[in-house]
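K.L.:
Just to be clear, the model below is a prediction. Sequence and coordinates:
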Amino acid sequence: MALNNPAFSRNEAFSNQGAVAVAQDMSAQQLQDIYNQPATLPDREVMTIEDTVQKSVAAFGLLLVGAAIGWITMPSMPFLWIGAGIVGFVLALVNIFKKEPSPALVLAYSAVQGVFVGGISAFYEVQFPGVVAPAVVATLVVVGVTLALFASGKIRASKKATKIFLIAMVGYLVFSLVNFGLMIFGVNDDPWGLRSAEIFGIPLGVILGIFVVIMAAYSLVLDFDFIQQGVRNRAPKKYAWTGVFGIMVTVIWLYLEILRMLAIMQSSD
């Protein structure tokens, strides 16, 4: 949700008018200090696509290590991944609302969420054998295709599409909360809740899954767009970690949605 994603929107480095907004918040002494400095930051101190990619690789490496731990320990420590999910949620909030990006916190989020992803993947694999591998492949395909289309200029974020995206996200969030409430209070005792309802013989969860995958792909486009904007603004190098965090959140969300969709498809056979 990049345009309204606090991971980006709270940082002026990713704004089209970032320099103006930052200047308005500075004191006279800070502005004088900047005036006395060179006109622009040296190239080695500004955010670049290459540096963001390198940091993303490091974050995904930790995610994979955490996933391996979560996968291996799920049978013997079944609640470890649940605890990791809670810790990951807290770290996500800290990263979102922290004014300055913290490499340590972004990497910690990646590692902890890796444990959660690995644990929940192992849980799904026990319940629905063979579901994890296609979910991983599908996630990689969606990310790869989206990145290729964005890099080629064939797909870009637009104000109209983003408004539709935000409305759809709010609607999906409301549906998810209502569904969760119905399941928690025993109104619907199906393991998938309302997602198991069928429309023309197709589970609602599958229809929603396709819809959400499209939303997640567009969210990736917004993430890439904001990173590109940060590079154009010659944002300080540290803000590459903000871009990494945004991508991590979106890719994890995408994978979990695909995993659930495939599990619903298998359970309906």
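P.N.:
Here it is on my side, so go on.
K.L.:
How are the helices of the stretch 101-250 of the chain distributed by residue range?
P.N.:
In the stretch 101-250 of the chain, the helices defined using DSSP state H, counting those that start in this stretch lie at 103-127, 132-151, 159-184, 204-232, 240-267.
K.L.:
In TSV, list the ones you listed along with mean neighbour count, distance to Met47 and mean pLDDT.
P.N.:
C-beta coordinates here come from the backbone N, C-alpha and C atoms, glycine included. What follows is the helices of the stretch 101-250 of the chain, written out as TSV (neighbours: other Cβ atoms under 10 Å; distance: least, Cβ to Cβ, whole Å; pLDDT from 0 to 100):
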stretch	mean neighbour count	distance to Met47	mean pLDDT
helix 103-127	21	13	96
helix 132-151	15	17	95
helix 159-184	13	22	93
helix 204-232	21	5	93
helix 240-267	23	5	95
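K.L.:
Need the ones you listed in JSON lines (columns: distance to Arg195).
P.N.:
Shown next, in JSON lines, are those (distance: least, Cβ to Cβ, whole Å):
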{"stretch": "helix 103-127", "distance to Arg195": "15"}
{"stretch": "helix 132-151", "distance to Arg195": "16"}
{"stretch": "helix 159-184", "distance to Arg195": "7"}
{"stretch": "helix 204-232", "distance to Arg195": "3"}
{"stretch": "helix 240-267", "distance to Arg195": "6"}
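K.L.:
Go through these and name the closest to Ala68.
P.N.:
The minimum distance between Ala68 and the helices of the stretch 101-250 of the chain falls on helix 103-127, with 6.2 Å, by Cβ to Cβ.
K.L.:
packing partners for that closest one?
P.N.:
helix 49-73, helix 80-97, helix 132-151, helix 240-267 (3 or more Cβ pairs under 8 Å, 6 or more residues apart in numbering; DSSP states H and E).
K.L.:
closest one to Phe123 among those?
P.N.:
helix 80-97 (7.4 Å).
K.L.:
Show residues contacting that closest one.
P.N.:
6-7, 10, 66, 70, 73-74, 101-102, 105-106, 108-109, 112-113, 115-116, 118-120, 122-123, 245, 249 (Cβ atoms under 8 Å, 6 or more residues apart in numbering).
K.L.:
Apply 7 Å and report the result again.
P.N.:
6-7, 70, 73-74, 105-106, 108-109, 112-113, 115-116, 118-120, 245, 249 (Cβ atoms under 7 Å, 6 or more residues apart in numbering).
K.L.:
In it, which residues are buried?
P.N.:
Leu80, Trp81, Ala84, Gly85, Val87, Gly88, Leu91, Ala92, Asn95, Ile96 (16 or more other Cβ atoms under 10 Å).
K.L.:
One more: stretch 70-80?
P.N.:
Gly70, Trp71, Thr73, Met74, Leu80.
K.L.:
and the end-to-end length of that stretch?
P.N.:
7 Å (Cα to Cα, to the nearest Å).
K.L.:
Quick one: mean pLDDT over that stretch.
P.N.:
Mean pLDDT, computed over stretch 70-80, is 91.
K.L.:
about what we covered before: minimum distance to Gln54: which of the helices of the stretch 101-250 of the chain has it?
P.N.:
With Cβ to Cβ as the yardstick, what comes closest out of the helices of the stretch 101-250 of the chain is helix 240-267 (8.5 Å).
K.L.:
Who are the packing partners of the closest one?
P.N.:
Applying 3 or more Cβ pairs under 7 Å, 6 or more residues apart in numbering; DSSP states H and E, one finds that helix 240-267 contacts helix 6-9, helix 49-73, helix 103-127, helix 132-151, helix 204-232.
K.L.:
ok, back up a step: between the helices and strands packed on helix 103-127, which gets nearest to Met215?
P.N.:
That would be helix 240-267 among those, by Cβ to Cβ, at 8.8 Å.
K.L.:
any idea of the angle that closest one forms with helix 132-151?
P.N.:
130 degrees (axes from the mean of the first three to the mean of the last three Cα atoms, to 10 degrees).
K.L.:
Neighbours of the closest residue to Glu45 other than its chain neighbours, how many?
P.N.:
Using Cβ to Cβ, 6 or more residues apart in numbering and skipping the chain neighbours, the partner closest in space to Glu45 is Lys237 (5.4 Å). When neighbours are counted by other Cβ atoms under 10 Å, Lys237 registers 18.
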